[in-house]
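**Student:** What shape does this take:
(one chain, ligands or ions: 2)
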Amino acid sequence: MKTQVAIVGAGPAGLLLGQLLHQAGIDNIIIERQSPDYVLGRIRAGILEQVTLDLLAEAGVGERVAREGQVHHSIELVFGGQRHAIDVHGLTGGKTVMAYGQTEVTRDLMTARNALGLTTVYEAQDVQISGFEGTSPCVSWTQPNVASAGSQRQELQCEFIAGCDGFHGVCRASVPESAISNFEKVYPFGWLGILADVPPVSPHAIVYGNSEQGFSLCSMRSLTRSRYYVQCPLTDTVDQWSDTRFWDELRRRLDPELAERIVTGPSIEKSIAPLRSFVAEPMRFGRLFLAGDAAHIVPPTGAKGLNLAASDVKFLSDAFKEHYLERSCAGLDHYSQRALRRVWKAERFSWWLTSLLHRFPDTAGFGQRVQEAELDYLVHSPAMSTSLAENYVGLPLDFGV
Ligand code: APR
Ligand code: PHB
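**Tutor:** Residues are numbered from 1 along each chain as shown. Ligands and ions are numbered 1, 2, ... in the order given. Next up, the predicted model:
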């Protein structure tokens, strides 16, 4: 098999890149380790910045999100038993975010790719990449389910490899250790999340809570499906959290009025996720380019993960277009620097919001009082609220350039 750009990973980053390249006439094939159903079974955050919405529209998959997504004009913060609204729309001169699940973004992209008849190899086992330091990159894998292929290794010869294979993927792991620097921060707690078919407590804003019992978050997927989270110890397991225990704990972490308004129901998904900040530098190694979670992870506070993956893909697809359509390497040469500049700002924001809203086991006393002062300052200072708002809606693609 042969293609121009081999894309490893059919998450939102890989699928979006494939779509944008195809539209520019650049041939691509996606190699994915899991089945389509498995990929669609992952529950992730659901807040899209305008930059991401624009890109989805450019990729031809903007229609359903525009129709079904829920526009959010503000954020609500709950602390000290009281609720405070941050008027994101007013503070940013009219910007908003859209509540729409990442699973649905992935579904829309998969549907579009299938409709175009583009090749995606699912359930590829033991994927390996090679040759990216020279001029003949190659992706290989075993496809045990295809009778004609037997258990023979399959090979895809290409001109470039896009590593869109997430944090645990093979692409970043194939780079020699001496060529890569990793920056990491692991947080001493996790998020227990549940999905339930109940109307969201706040359909027009995400509610972020910081209480004595810890962080909480009220989000949504639609007007009939909600996503809620509470901070929990990393040692907890899902079996320790019955639905009743979850709802009781969430109510305890909100203000009385919201707690009263919450509609509870059986969970249809429940999971615990650890929180991590991670960046690998650079994001280019010869003919291998990393994008999305393959290169960086943010803690979910602020929901920047998918939005960052989308901006990487914007930079990378622009760079490939410059290469193939204008015969210029400038975009590819600047990709890593351009993407990392945006990545680090989102890393800073996600780390800051995480630090502000969680209870840290080792930060009693002084640290706790400083956090309380910062929250109080945030909701009363237009300067600081504006900083939160402009980051929440997403900084412009080349902010500061
Ligand atoms: N070979 C092929 N595919 C692989 C391999 C491999 N060795 N390892 C992982 N994959 C696939 C995964 O199965 C997954 O479908 O790569 C895909 C990566 O998708 P995501 O993890 O969703 O990452 P990305 O597309 O960068 O999307 C970023 O996802 O994790 C969230 O918060 C993050 O919202 C952000 C978004
Ligand atoms: C979500 O909807 O899952 C969500 C929303 C906002 C966040 C994180 C997650 O900051």
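
**Student:** buried stuff in the helix or strand hosting residue 250?
**Tutor:** Residue 250 is part of helix 243-252, with elements assigned from DSSP states H and E. Using 16 or more other Cβ atoms under 10 Å as the test for burial, helix 243-252 gives 246, 247, 249, 250, 251. All C-beta atoms are positioned from the backbone trio N, CA, C, and that covers glycine.

**Student:** residues in contact with the first one?
**Tutor:** I take that to be residue 246. Taking Cβ atoms under 8 Å, 6 or more residues apart in numbering as the criterion, residue 246 is in contact with 192, 194, 228, 230, 267, 270.

**Student:** Of the residues you listed, which is the nearest to ligand 1?
**Tutor:** Nearest to ligand 1, judged by Cβ to the nearest ligand atom, of the contacts of residue 246 is residue 192 at 16.9 Å.

**Student:** Tell me if that closest one really is in a helix.
**Tutor:** No: counting by DSSP: H, G, I helix; E, B strand; the rest coil, residue 192 falls outside a helix, being strand.

**Student:** What is the neighbour count of it?
**Tutor:** Counted with other Cβ atoms under 10 Å, the neighbours of residue 192 add up to 24.

**Student:** ok, it touching residue 238?
**Tutor:** Yes: Residue 192 is within contact range of residue 238, at 7.5 Å (criterion: Cβ atoms under 8 Å).

**Student:** joint contacts of those two?
**Tutor:** In terms of Cβ under 8 Å, 6+ apart, residue 192 and residue 238 are both contacted by the residues 270, 271, 272.

**Student:** Next, format those as TSV and append secondary structure, distance to residue 343 and pLDDT.
**Tutor:** Listed next are the shared contacts of residue 192 and residue 238 as TSV, based on DSSP: H, G, I helix; E, B strand; the rest coil; distance: Cβ to Cβ, whole Å; pLDDT from 0 to 100:
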residue	secondary structure	distance to residue 343	pLDDT
270	strand	30	96
271	strand	25	96
272	strand	26	97
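
**Student:** Any of those buried? List them.
**Tutor:** Listed as buried from the shared contacts of residue 192 and residue 238 are 270, 272; burial here means 16+ other Cβ under 10 Å.

**Student:** Adding distance to ligand 1, write the shared contacts of residue 192 and residue 238 out as TSV.
**Tutor:** Formatted as TSV, these follow (distance: Cβ to the nearest ligand atom, whole Å):
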residue	distance to ligand 1
270	18
271	13
272	15
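
**Student:** Ligand 2: which of the shared contacts of residue 192 and residue 238 is nearest?
**Tutor:** For these, the minimum distance to ligand 2 (Cβ to the nearest ligand atom) is 11.3 Å, reached by residue 271.

**Student:** just for the stretch 301-401 of the chain, where's the confidence low?
**Tutor:** Applying pLDDT under 70 to the stretch 301-401 of the chain flags no residue at all.

**Student:** three-state assignment of the residue in the stretch 51-200 of the chain positioned nearest to ligand 1?
**Tutor:** Across the stretch 51-200 of the chain, the shortest distance to ligand 1 (Cβ to the nearest ligand atom) belongs to residue 166, at 2.9 Å. Following three-state DSSP, residue 166 is assigned to coil.

**Student:** Could you check the pLDDT of it?
**Tutor:** Residue 166 carries a pLDDT value of 98.
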